[in-house]
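Q: give me a 3D structure for the following:
(one chain, ligands or ions: 2)
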Amino acid sequence: MTEKIKIYDLNIDLPDLQRKAVSLGNFDGVHLGHQKLMKNNLEISKKYDLEPAVLLFKQNTKLRLKDEKEYMTSLEDKIEILSSIGIHTFCLIDFDEKFMNLSPREFIAEIINKKLNASYIICGKDYRFGKKASGDVDTLEKYEERYNYKTSVVDFEKEDEFNKISSNHLRDLIREGNIKKVNKLLARPYKIKGTIVDGMKRGRTLNFPTANLKLSFNYVLPIDGVYLTRINIDNKSYYALSNVGKNPTFGENSRKVETYILDFDQNIYGENVSIEFLEFFRYDIKFTSREELIEQMNIDKKRAYKYLENLS
Ligand SMILES: Cc1cc2nc3c(=O)[nH]c(=O)nc-3n(C[C@H](O)[C@H](O)[C@H](O)COP(=O)(O)O)c2cc1C
Ligand SMILES: Nc1ncnc2c1ncn2[C@@H]1O[C@H](COP(=O)(O)OP(=O)(O)O)[C@@H](O)[C@H]1O
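A: Ligands and ions are numbered 1, 2, ... in the order given. Presented below is the predicted three-dimensional model:
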């Protein structure tokens, strides 16, 4: 049975008295490095009889501080993924002026101690917090006794001998279309969510109807091209081919995500769906005729079936 998810809004709810082990970070993508940190949290929680929890911002902190505008996971996605790996308690807080201006000591006193009631803090080596990100792991350790908690600093999970896995790097890998590597570092397929909306109604005339996705979040999108995907509709999943791009053959200028679902013939306008990227097939091409595009889409379709055959 799946455990019930508990969500505390630290801006509204009264402090919860349960002693907790709390993971701190932004956790965009919930990649292997983040997962290592959560495992550490679960071990500590078990050992000291604490409730494993994560502090999450209602808004992504980078959104306010840097130029980054696209992310791998919404708050809802993070909660879904984290609960699937055993964390069921989520403490949410606004990343607002008041929060941003807390000094490191105030953050520890007000948030970690008073609001979270944390006995253990779990974070990565490079975790920064408080006004102008002036607090770090040393600050956390310095105040342990005064505020009655312990700190567990988790070492970086490496991507290879040089690189630590980082959300920044993963977002770049997605933008490059390096789906294989992304999925390896996420330990699951990269997934985006949205609603199926009207397109140009051209797909069906090409014999390739495509479900057009209106994103439910500012997801980072892979490079324009064709991907083998899996689309989840109403708790069922289907293999599919997705095209990210501006339909250069037809000279459009808005970037879309559209999906041709294999062996499928239903009206799904208005459905909320998610799309998992499994494999990059090719870059988008500007064809000189509809016939050439159709020919290429048939080749893509054959390749998809061949790929799926090899999977089973
Ligand atoms: C498997 C697949 C591959 C595609 N490849 C290309 C491509 O290389 N170049 C292109 O201009 N459009 C490509 N498209 C997009 C089609 O142009 C698009 O699906 C068609 O214009 C229908 O648009 P609509 O859904 O708005 O009606 C591809 C679509 C699919 C399903
Ligand atoms: N195999 C399929 N893959 C994708 N969509 C399909 C499929 N079969 C039927 N549909 C339906 O057809 C619609 C897409 O047809 P299309 O002519 O491309 O129109 P639009 O331009 O509005 O997306 C989808 O939104 C869906 O409701």
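
Q: give me the contacts around stretch 292-299.
A: 206-208, 241, 249, 260, 285, 287 (CB atoms under 8 Å, 6 or more residues apart in numbering). (Glycine included, C-beta is placed from N, CA and C.)

Q: give me phi/psi at T259?
A: phi -130, psi 120 (degrees, to the nearest 10).

Q: can I assume it is in contact with I233?
A: No: the pair T259 and I233 fails to qualify as a contact (CB atoms under 8 Å) at a distance of 10.1 Å.

Q: compare those two (neighbour count), which wins?
A: T259 (26 against 17; other CB atoms under 10 Å).

Q: state the distance from that one to ligand 1.
A: As judged by CB to the nearest ligand atom, to the nearest Å, T259 and ligand 1 stand 7 Å apart.

Q: how much space between that residue and L228?
A: To L228, T259 is 11 Å away according to CB to CB, to the nearest Å.

Q: overlap in contacts of these two?
A: The contact lists of T259 and L228 share 240-241, where a contact means CB under 8 Å, 6+ apart.

Q: phi first, then psi, for the closest residue in space to E252 that isn't next to it in sequence.
A: Leaving aside its sequence neighbours, E252 sits nearest to K246 (CB to CB, 6 or more residues apart in numbering; 5.1 Å). Main-chain torsions, K246, degrees, to the nearest 10: phi -110, psi 20.

Q: who's in contact with K246?
A: 224, 252-256, 284.

Q: partner residues bridging D9?
A: L92 (DSSP bridges).

Q: just the pLDDT for the nearest residue to G124 once chain neighbours are set aside.
A: Leaving out its chain neighbours, the residue that sits closest to G124 by CB to CB, 6+ apart is V154, at 5.6 Å. In this prediction, V154 carries a pLDDT score of 94.

Q: what about the residue nearest to G86 when sequence neighbours are not counted, helix or strand, and which?
A: Spatial nearest neighbour of G86, chain neighbours left out: L42 (5.4 Å); criterion: CB to CB, 6+ apart. Assigned by DSSP states H and E, L42 belongs to helix 32-48.

Q: could you give me the buried positions within that helix?
A: 32-38, 40-42, 44-45 (16 or more other CB atoms under 10 Å).

Q: and for stretch 75-91?
A: Per 16+ other CB under 10 Å, stretch 75-91 contains these buried residues: 75, 77-83, 87-91.

Q: what mean pLDDT would you report for stretch 157-170?
A: Per-residue scores along stretch 157-170 average to 85.
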